[in-house]
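# Got a sequence here, can you build the structure:
(chains A and B)
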Amino acid sequence: MAEESYLARFLDTCRYGGIRLYANAFIFLLVFLVLAIALPIGALAVLGPLLRPSKPSKAKNATYESGLEPIGDARSRYNVRYYLFALMFVIFDVEIIFLYPWAVSYHTLGVFGYVEMMIFVVLLLIGLMYAWRKKVLEWM
Amino acid sequence: MLTFTQVWNALGPEIVLAIGGFVAMVYEFMVTGRAKQATPWIAVLSVLTAIPLAWSKLHAPLATYSIAVIAVDDFGTIFSLFILVSVLLVLLFAIASQARLKLAFEYAYLVLFATVGAMVICSALDLVTLYVGLELLSITTYVLVALHRKNVKSSEAGLKYLIIGSIASAIILYGLSFLYGVAGSTGLSRIATALQGGYGSEPGLVYLSIALILVGIFVKISAAPFHLWTADVYEGAPTPITAYLAVVSKGAVLGFLFRVIVWLFGAKLGEWFGLVGWIAIITMVIGNLGALSQRNIKRLLAYSSIGQAGYLLIPFSSLSSSTLASVMWQNLSSTVFYLFAYSFMTIGAFAVFSVVADASGSEDVHAFTGLSKRSPWLAGMMTLFLLSLSGLPLTAGFFGKFSIFLGALGAGQIWLGVVLFATSAIAFYYYFGIIRAMYGRTQEGDTPPVRSSPMQHVVVALCAIGTLWLGIFPGPVTDLLSNLHWFG
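Residues are numbered from 1 along each chain as shown, chains lettered A, B, ... in the order given. Okay, here's the model as predicted:
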């Protein structure tokens, strides 16, 4: 009987969908959130210290730098120009995200989809030309 | 399946503007030197092409394009026309002040792209499309505000606007996400069906959703408790862009408010009119009292535009307090009439201010001292715009405020109308400070005469004609507005 009523409730939820399903989605999210916080804390801060022996020495505490003597600060500075290249890369990365599904369903989308995608590609091309003419692609 | 004709019918003016924007963009980065000066004219040309296109859509039979999620109705069309007229004035204003401002020519097409976003907001029928339009408008205006990137004030304004604006967008998106969660669809009509003309099965979530959407919109139109960014951003932005923010950005977001809230909740909005009414009152009072202590004219006009946002919220509050259709149409048309009036008088005031500030190198009230001697024409025009902003008879501002008052009266909200006129009296006090500086005081020492280009006179004259026309012969426009089929 118990199983049946659970099943009935589950089907009920599916059938009337809407808000209960919506709320259930958030319960799953909550479970994931709790797990995502609890697992690393449990492993690193609770279980780890209990299991591992603790015998620190100067060499053990030093920063690992491929077996060499650590030199300088861990924080190193990058040239700000990389930022523009990263930005350009993201644009074309996103273009690929749109091009793949379009290519897969090319036949169902037809001429309309083709023209739409060409417009999209040309707009990105104009963006690239803009960056090129504004000397974004030149290092100096 | 969607056809190209349908797309053109639904989005003709927007497509023209987008093509114009990209043509201007390619032109701007391909040519060098003085030829770049033609870039804004390409933008002007595309706006001039889009205006008749939008005009021809007026009174067209209602059509909704289910896949394009765009509605062609008179509400969207009349808001598009308001946006296009204002953008035309702003572009001409920017071209006129180019000699001193030396704006990067990118502004020409950024303004066009922002305008496409603004127009999409007013005619979209889908939460996702609405939000994309809102973001197109917002992101381009963040860039436009910081156009003088070497200028400290401009970059500060840009950063402030970016942070506040994106938080507001995020809050709106959060609100929209609850609507989707409750209704299971992003289409406005389907959501309205799912909510059964009320709050559906989950009133709590819908309440939360409306509250979040309203907060985000109040930030964007700078209504009172959310207005703190306005003065700094308006002061730091280049003056034509300030005019754009004050007029187009505000008007378009107001269109978003009407579209989403009225379409979704219709007559069931009654419970919210009190809240919106109070926000309108607080906005009118704070905006007009805040302007009293401002010495910088740009900040003064910024506070004044906060007050105007309050006036523009009155019709929304009155419309939600009544279930009569006639009240809704009356309040919608008074909103649109006031938006047109607001556009002419605000852009005009900013245009005169820009000439005067340019001549005296100061943005202070003192820049206007003795303007009646130095340039009687500009002084007269500024007086006209200020009188219109404070709502004196024979100007567009008076008629706009009067129709808002009538709308509030028709909905039985006399108290809103009373506050409207009380705060207008306060507004007259600080506008009168500028008029007194122009006419009353004599100039000590000699200041250079105000030099202005023919283009600047054209912009000021166009705005003055608009202000006077709507003030003296409002008939044709009110007739047009009362014959509209707002939502089809």
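
# gap between residue B:17 and residue A:133?
Residue B:17 sits at a distance of 23 Å from residue A:133 (criterion: C-beta to C-beta, to the nearest Å). C-beta: built from backbone N, CA, C; applies to glycine.

# no, scratch that, I was asking about residue B:435
Note on residue B:435: its distance to residue A:133, by C-beta to C-beta, is 48 Å.

# Neighbour count for those two, which is higher?
More crowded of residue B:435 and residue A:133, by other C-beta atoms under 10 Å in any protein chain shown: residue B:435, with 19 against 14.

# Could you say which helix or strand holds that one?
Under the criterion of DSSP states H and E, residue B:435 resides in helix B:414-439.

# Give the other helices and strands that the following helix or strand past that helix contacts.
Using DSSP H and E, the helix or strand that follows helix B:414-439 towards the C-terminus is helix B:454-472. Judged by 3 or more C-beta pairs under 8 Å, 6 or more residues apart in numbering or on different chains; DSSP states H and E, the packing partners of helix B:454-472 are helix B:74-96, helix B:325-360, helix B:376-390, helix B:396-410.

# roughly how far is the longest helix belonging to chain A from the heart of the chain?
Counting by DSSP state H, the longest helix found in chain A is helix A:106-133. In terms of C-alpha atoms, centre = their mean, to the nearest Å, the centre of helix A:106-133 is found 25 Å from the chain centre.

# do it and chain B meet?
Yes: residues of helix A:106-133 contacting chain B under C-beta under 8 Å from any C-beta of the partner chain: A:110, A:112, A:115, A:123, A:126, A:129-130, A:133.

# Pull out the buried members of those.
Neighbour counting with 16 or more other C-beta atoms under 10 Å in any protein chain shown marks residue A:130 as buried within the residues of helix A:106-133 next to chain B.

# Rebuild the residues of helix A:106-133 next to chain B as CSV, extending it with pLDDT.
Shown next, in CSV, are these (pLDDT from 0 to 100):
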residue, pLDDT
A:110, 84
A:112, 84
A:115, 90
A:123, 89
A:126, 91
A:129, 90
A:130, 90
A:133, 88
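
# Can you lay out the residues of helix A:106-133 next to chain B as CSV showing distance to residue A:34?
Listed next are the residues of helix A:106-133 next to chain B as CSV, based on distance: C-beta to C-beta, whole Å:
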residue, distance to residue A:34
A:110, 47
A:112, 46
A:115, 48
A:123, 44
A:126, 47
A:129, 50
A:130, 47
A:133, 52
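
# so how many other residues sit close to residue 27?
Looking at chain A here, since you left the chain open. For residue A:27, using other C-beta under 10 Å, the count is 9.

# Chain B, not that one
Number of residues near residue B:27 (other C-beta under 10 Å) recorded here: 18.

# Could you pull out the buried residues of the host helix or strand of it?
Assigned by DSSP H and E, residue B:27 belongs to helix B:4-30. Neighbour-count burial for helix B:4-30, counted by 16+ other C-beta under 10 Å, picks out B:6-7, B:9-14, B:16-18, B:20-29.

# what does stretch B:345-361 give?
For stretch B:345-361, the buried set under the neighbour-count rule, 16+ other C-beta under 10 Å, comprises B:345-360.

# what does stretch B:404-420 give?
So stretch B:404-420, judged by 16+ other C-beta under 10 Å, has buried residues B:404-405, B:407-408, B:410-411, B:413, B:416-417, B:419-420.

# Check the gap between residue A:54 and chain B for me.
In this view, residue A:54 and chain B are 45 Å apart by C-beta to the nearest C-beta, to the nearest Å.

# Point out where the chain drops to low pLDDT.
Just going to use chain A. Applying pLDDT under 70 to chain A flags the ranges A:1-24, A:140.

# Oops, wrong one, chain B.
Counting by pLDDT under 70, chain B contains low-confidence ranges at B:1, B:62, B:64-68, B:197-200, B:266-270, B:323, B:441-448, B:488.

# In it, what residue comes closest to chain A?
Proximity to chain A, evaluated over chain B using C-beta to the nearest C-beta, is greatest for residue B:29 at 4.0 Å.

# Wait, that residue touches residue A:136, no?
No: Residue B:29 lies out of contact with residue A:136 (C-beta atoms under 8 Å); the separation is 11.0 Å.

# Helices of chain A, residue ranges please.
Remark: helices assigned in chain A by DSSP H are A:2-16, A:18-41, A:48-51, A:58-61, A:81-104, A:106-133.

# Show the secondary-structure elements that the last one is packed against.
Contact here means 3+ C-beta pairs under 8 Å, 6+ apart; on that basis helix A:106-133 packs against helix A:81-104, helix B:4-30.

# Distance to residue B:383 for those helices - can I get that in JSON lines?
Shown next, in JSON lines, are these (distance: least, C-beta to C-beta, whole Å):
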{"stretch": "helix A:81-104", "distance to residue B:383": "48"}
{"stretch": "helix B:4-30", "distance to residue B:383": "35"}
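
# Relative to residue A:27, how far out is residue B:481?
Distance of residue B:481 to residue A:27, computed by C-beta to C-beta: 50 Å.

# How about residue B:92?
As judged by C-beta to C-beta, residue B:92 and residue A:27 stand 57 Å apart.

# who touches residue B:15 in this structure?
Going by C-beta atoms under 8 Å, 6 or more residues apart in numbering or on different chains, residue B:15 touches B:7-8.

# Domain map for chain A?
With domains defined by automatic domain parsing, chain A comprises A:1-68, A:79-140.

# wait, isn't residue B:104 in contact with residue B:144?
No: the pair residue B:104 / residue B:144 is not scored as a contact, 10.0 Å apart, by C-beta under 8 Å.

# so how far is stretch B:337-350 from its chain's centroid?
For stretch B:337-350, the separation from the chain centroid amounts to 9 Å (computed by C-alpha atoms, centre = their mean).

# Just name whatever secondary elements the helix or strand that contains residue B:207 is in contact with.
For residue B:207, the element it lies in under DSSP H and E is helix B:203-220. If you count contacts as 3+ C-beta pairs under 8 Å, 6+ apart, helix B:203-220 packs onto helix B:152-183, helix B:250-257, helix B:273-292.
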